[in-house]
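Student: Dropping the sequence and predicted coords here.
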Number of protein chains: 2
Amino acid sequence: MIHNNIYFQIELTARKIRQYGQNVLRSHGIDITIEQWLVLNVINDNETTNQIFIGEKLVKDKPTISRMVNQLDKKGFIIKTSSSSDSRQVSLSISKKGKTLIHNLQPIIEGIRLKGLQELSEKESQHIKSILNKIQKNLDT
Amino acid sequence: MIHNNIYFQIELTARKIRQYGQNVLRSHGIDITIEQWLVLNVINDNETTNQIFIGEKLVKDKPTISRMVNQLDKKGFIIKTSSSSDSRQVSLSISKKGKTLIHNLQPIIEGIRLKGLQELSEKESQHIKSILNKIQKNLDT
DNA sequence: TAAAAATAGTTAGCTAGACAACTAAAAATA
DNA sequence: TATTTTTAGTTGTCTAGCTAACTATTTTTA
């Protein structure tokens, strides 16, 4: 049975997380996707980063990052300029509007995180991460 | 740090599973996606099923199922007819070509499954499923 | 230094997933 | 029985993710 399949449960949990998170953001009238939020965060933690770096952090490919960055730029949350040292690269930083958004979103995101993880012991948290890591390593090689 | 985030690891693992699986299928020259394979399997286990049933099994919405079913039909793996008892419903069954595909794919899919789960003890398998289930339940309510 | 290779990013084309709005048929109800 | 409501499925629109192919720089190397 498919519901007893680990892959299926991993994939289903991932979808439910995204869906729940997106609903919460929508209910707050916030115009950003969960994935865009992750990109915004990498930029916030690494001002003047380029897109390759974001891709490495989030383990996503170039076109995906490129489009999400463009969305964030279009929405005015980031500033995208060309790097002075290497004109192939872009230099990304957070706009004032983006800073405000991050500030407002922080507690909401934390709420989403806690909602899913409630009643999960520290041991369980560690355990699931270690098992997921094992699966990933198995598939890498 | 994002890499220490359970949500991120769940989502990343899900992506790596799909990606690995898709690569294996491609390497065998098989023209089907992992998701389409799941749909095909539900139909195989429940001949003359309709799309609502597939959606319930796979926890996906109607448009998603509708489009995947159309792909499978277009590729000739299934036969899609209108239900005689209720003309709103479709009646789906596996074609000869589909039967052959399922037969050939069985060991390949099993190989994909085993690859990711190698060195996972029975206890770990049970444990991760129970934790994932807990997270899902947390988000449902 | 001129040609080749590597790198950063974009564009195009596809599937899946989510939401909203729709059609057509069946079931409920007044 | 006529009308309303529910149900099954489709279509449209958007984002993310993946591959492949492309442009434009920068770096290597012959």
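Tutor: On my side now, so go ahead.
Student: Could you confirm whether stretch A:91-107 reaches chain B?
Tutor: No: contact of stretch A:91-107 with chain B (CB under 8 Å from any CB of the partner chain) is absent, the minimum separation being 14.4 Å. All C-beta atoms are positioned from the backbone trio N, CA, C, and that covers glycine.
Student: How far off centre is that stretch?
Tutor: Counting by CA atoms, centre = their mean, to the nearest Å, stretch A:91-107 is centred 14 Å from the centre of its parent chain.
Student: what about it, average pLDDT?
Tutor: Averaging pLDDT along stretch A:91-107 gives 97.
Student: helix or strand for the residue nearest in space to the middle of chain A, which one?
Tutor: Central residue of chain A (CA atoms, centre = their mean): A:Leu38, 2.6 Å from the mean position. Using DSSP states H and E, A:Leu38 sits within helix A:34-45.
Student: which residues touch that helix?
Tutor: Applying CB atoms under 8 Å, 6 or more residues apart in numbering or on different chains, the contact partners of helix A:34-45 are A:18, A:21-22, A:25, A:32, A:49, A:53-54, A:57-58, A:65, A:68-69, A:71-72, A:77-78, A:92-94, A:98, A:101-102, A:105, A:109, B:2, B:8.
Student: In it, which of the residues would be classed as buried?
Tutor: A:Ile34, A:Glu35, A:Gln36, A:Trp37, A:Leu38, A:Val39, A:Leu40, A:Asn41, A:Val42, A:Ile43, A:Asn44 (16 or more other CB atoms under 10 Å in any protein chain shown).
Student: got the residue ranges for the strands in chain A?
Tutor: Ranges of strands in chain A, per DSSP state E, are A:78-82, A:90-94.
Student: Throw these into TSV and include mean neighbour count, thanks.
Tutor: TSV is the format used below for those (neighbours: other CB atoms under 10 Å in any protein chain shown):
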stretch	mean neighbour count
strand A:78-82	15
strand A:90-94	19
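Student: so which of the ones you listed gets nearest DNA strand C?
Tutor: strand A:90-94 (3.8 Å; CB to the nearest atom of the strand).
Student: Quick one: low-confidence residue ranges for chain A.
Tutor: By pLDDT under 70, chain A contains no weakly predicted segment.
Student: Close to DNA strand D: what parts of it are there?
Tutor: Applying CB under 7 Å from any atom of the strand, one finds that chain A approaches DNA strand D through A:33, A:35-36, A:60-64, A:67-68, A:71, A:86-88.
Student: filter those down to the ones near DNA strand C?
Tutor: Within those, those near DNA strand C by CB under 7 Å from any atom of the strand are A:Lys62, A:Pro63, A:Arg67, A:Asp86, A:Arg88.
Student: any chance of those residues in JSON lines, plus neighbour count and distance to B:Gln136?
Tutor: Below are these laid out as JSON lines (neighbours: other CB atoms under 10 Å in any protein chain shown; distance: CB to CB, whole Å):
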{"residue": "A:Lys62", "neighbour count": "11", "distance to B:Gln136": "32"}
{"residue": "A:Pro63", "neighbour count": "9", "distance to B:Gln136": "31"}
{"residue": "A:Arg67", "neighbour count": "11", "distance to B:Gln136": "29"}
{"residue": "A:Asp86", "neighbour count": "10", "distance to B:Gln136": "45"}
{"residue": "A:Arg88", "neighbour count": "8", "distance to B:Gln136": "43"}
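Student: And those residues, which two are furthest apart?
Tutor: Largest separation among those by CB to CB: A:Arg67 and A:Asp86, giving 21.6 Å.
Student: just to revisit the earlier point, among the residues of chain A next to DNA strand D, which ones are in helices?
Tutor: Per DSSP state H, helices hold the following members of these: A:Glu35, A:Gln36, A:Lys62, A:Pro63, A:Thr64, A:Arg67, A:Met68, A:Gln71.
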